[in-house]
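Visitor: generate coordinates for the sequence data below:
(one chain, ligands or ions: 1)
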Amino acid sequence: VIEHSSAANRIAIIGAGHVGATTAYALMLRALFQEIVLIDSNEGLASAEAADLRDANALARPARVWAGTYADASAARIAVLTAGAASHGAESRLSLAVRSAAIVAKCVDQLADAGFAGIILVAANPVDLMSLVACRRAGLPAAQVIGTGTLLDTSRLRQELAARLCVAPASIDAMVLGEHGDSEVVAFSTSRISGLDLADFAFAQGGLNPAEIAADVRDAAYEIIAGKGYTSFGIATAIVRICEAIVRDEHAVLPVSAFLTGQFGIDGLYLSLPCVLGRSGIERVLLPQLSDEEIVALQASATAVRNAVSTMDTALNGPEAR
Ligand SMILES: NC(=O)c1ccc[n+]([C@@H]2O[C@H](COP(=O)([O-])OP(=O)(O)OC[C@H]3O[C@@H](n4cnc5c(N)ncnc54)[C@H](O)[C@@H]3O)[C@@H](O)[C@H]2O)c1
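Guide: Numbering: from 1, shown residues only. Predicted structure coming up:
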């Protein structure tokens with residue numbers, strides 16, 4: 001039996017499904033944490049994934065990985081929330097959101113009851129809504145409740161641009177902002193490669209079609225899900241990048257879903273803007289110099305999320321409880 005020290009560098013992953021298990025594996029390869037605890041209502045699944053991960057220990061940089069409890073999670077620096085409702089074919093987005101909200105609320109309540117005081121990183125979809133649900137219940141400063149937001153979409157955007165422009169994705173400074181979903185906004189006006197704006201850079205390649213790129217980025221997940229039933233590698237890598245920025249206190253700027261307090265006139269919602277991430281979570285929310293059209297699109301994205309929150313709240317509590 002392994003003794004787990006509460007002082008160790010520990011992460012908890014709640015939900016050991018496709019996203020949770022892939023995240024645990026990616027974290028293990030990156031050797032960011034000494035201890036990884038998996039929690040799932042399906043205990044057999046969590047135990048099996050933990051055992052499978054432990055099999056890699058002798059050939060990788062070893063981590064203690066086990067299927068545990070919320071008491072184990074209480075000492076973790078970060079709790080990643082990937083527990084969500086699986087989609088049932090024709091089920092509406094709203095009904096999925098309501099079922100996921102009930103799961104997220106239950107998990108966060110259990111974390112809070114166990115005395116968890118670290119950072120909650122929410123990946124469960126719809127991620128901007130689930131981050132708000134988590135923040136309302138966690139009893140933690142909003143800076144400690146972060147949604148993965150549009151970091152994944154941003155990674156897809158940079159990959160799409162890289163393929164079209166023959167430049168490494170890491171050399172492209174470009175972001176997707178707003179909702180992680182259909183109303184997301186590609187901030188083309190602020191995108192740069194070595195200080196050149198994209199239109200200038202792309203001139204030699206015959207130009208770019210921003211609308212086509214935005215649609216490709218927005219619809220990428222649908223195509224992957226059509227082929228394999230879920231997505232996992234992209235989101236797991238985005239989760240690892242956020243964890244790394246926090247654990248290493250990098251003050252890295254990443255587009256993630258943060259509780260907004262008036263930025264671009266948006267208040268009381270989770271939505272993605274570039275954020276400075278460090279040891280204490282979200283240190284600052286930055287205001288990029290967007291074009292007028294992008295600001296309008298960002299505010300429309302906020303309206304879409306606000307409407308979804310209010311419909312979800314009505315379904316969860318009834319209209320009188322809002
Ligand atoms: N934010 C993003 O960019 C992004 C990308 C991909 C997937 N996701 C989301 O991540 C979530 C997980 O996706 P997945 O493919 O891993 O799904 P999955 O069904 O494989 O895994 C979900 C896991 O949650 C567990 N679970 C359910 N209720 C629980 C509870 N109350 N406590 C603990 N565990 C519980 C289930 O047993 C299951 O193992 C979904 O909401 C999905 O939409 C988000």
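
Visitor: correct me if wrong: Arg164 contacts Gly206.
Guide: No. Checked against C-beta atoms under 8 Å, the pair Arg164 and Gly206 is beyond contact range at 9.7 Å. Backbone N, C-alpha and C define where each C-beta goes, glycine included.

Visitor: please identify which of these two sits among more neighbours.
Guide: Arg164 (18 against 7; other C-beta atoms under 10 Å).

Visitor: what packs against the helix or strand where that one lies?
Guide: Assessed by DSSP states H and E, Arg164 sits inside helix 151-165. On a contact count with 3 or more C-beta pairs under 8 Å, 6 or more residues apart in numbering; DSSP states H and E, helix 151-165 meets strand 172-173, strand 176-177, helix 198-202, helix 210-228, helix 233-247, strand 252-263.

Visitor: burial count for Glu244?
Guide: Counted with other C-beta under 10 Å, Glu244 comes out at 15.

Visitor: can you tell me the element the closest residue to it other than its chain neighbours falls in?
Guide: In space, and not counting its chain neighbours, Glu244 is closest to Leu32: 5.9 Å by C-beta to C-beta, 6 or more residues apart in numbering. Using DSSP H and E, Leu32 falls within no helix or strand.

Visitor: got a pLDDT number for Leu32?
Guide: Reading off the confidence values, Leu32 has pLDDT 95.

Visitor: give me whichever of the helices and strands packed on helix 151-165 is most buried.
Guide: strand 176-177 (a mean of 25; mean count of other C-beta atoms under 10 Å).

Visitor: which residues sit against the following helix or strand past it?
Guide: Next helix or strand after strand 176-177 toward the C-terminus (DSSP H and E): strand 185-186. Around strand 185-186, the neighbours that count as contacts under C-beta atoms under 8 Å, 6 or more residues apart in numbering are 157, 174-178, 210, 213-214, 217, 294, 297-298, 301.

Visitor: now strand 185-186: mean pLDDT?
Guide: Strand 185-186 shows a mean pLDDT of 98.

Visitor: quick one: low-confidence residue ranges for the stretch 201-322 of the chain.
Guide: Residues of the stretch 201-322 of the chain that meet the criterion pLDDT under 70 lie in 319-322.

Visitor: residues in it within reach of the ligand, list them.
Guide: The stretch 201-322 of the chain comes close to the ligand at residues Tyr230, Thr231, Ile235, as judged by C-beta under 6 Å from any ligand atom.

Visitor: what about the second one, neighbour count?
Guide: Residues near Thr231, counting by other C-beta under 10 Å, number 19.

Visitor: need the contact list for it.
Guide: His18, Val19, Ala221, Ile224, Ile225.
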